[in-house]
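> Attaching a predicted model along with its sequence, questions to come.
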Amino acid sequence: MSNDATKKTLLSDYLNENDYKELGHSIILRNDTSGVSYLQFEDIQITELKIDSICLSLPRNICQLGHNITFIIYDSPLKKVFKKFPNIDTTNGLPIIGKVVEFEVDDELVHIELKFTQFKEHSWNEIKGDYEQQQIRISTLISEVKK
């Protein structure tokens, strides 16, 4: 067996269906300081997950530095269209309450960090763990391809 054929066989050992499944979550939020809800989940992008905070990019004029935000994280793809912000006690998503601690504006978007003040730590760690595992799978695949 040639060296190239061996590489192909080894590379195939690292490929599986889960490597190609998109991992994603959708977020809707309510600005508790202003009382305004934002339900267009397509416009809110997760940019970073931290131990007890999340970084988001979202349209301008939804929040400001220091505002209190309630948001709900749902598994994607989210097929439901919300007409009003759901009750956080009965939702099937993960509700989290936080405060805007970082706030940067560019031409079209606001980039914020929400520091959690109330959240289900175990559920949050599960979501973070899913992203960490996905990153490990991708990194492993890339390193094998580079060999």
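Received the coordinates, thanks. Numbers count the residues shown, from 1 in each chain.
> what comes up buried for the longest helix anywhere in the chain?
The residue-count maximum for a helix in the chain (DSSP state H) belongs to helix 121-146. Going by neighbour count (16 or more other CB atoms under 10 Å), the buried part of helix 121-146 is 124, 127, 137. Every residue, glycine included, has its C-beta placed from N, CA and C.
> which helices and strands does that helix pack with?
Counting contacts by 3 or more CB pairs under 8 Å, 6 or more residues apart in numbering; DSSP states H and E, helix 121-146 packs against helix 3-14, strand 45-49, strand 94-105.
> Can you flag the weakest of those by average pLDDT?
Set side by side, the helices and strands packed on helix 121-146 differ in mean pLDDT, and helix 3-14 is lowest with a mean of 55.
> Kindly calculate the angle that the longest helix of the chain makes with strand 94-105.
Helix 121-146 runs at 60 degrees relative to strand 94-105, counting by axes from the mean of the first three to the mean of the last three CA atoms, to 10 degrees.
> State whether residue 74 is indeed within a strand.
Yes - using DSSP: H, G, I helix; E, B strand; the rest coil, the assignment for residue 74 is a strand.
> wait, it sits on residue 39?
No - contact criterion CB atoms under 8 Å: residue 74 and residue 39 do not qualify, at 11.5 Å.
> Return every residue with contacts to both of those two.
Contact criterion CB atoms under 8 Å, 6 or more residues apart in numbering; residues shared by residue 74 and residue 39: residue 28.
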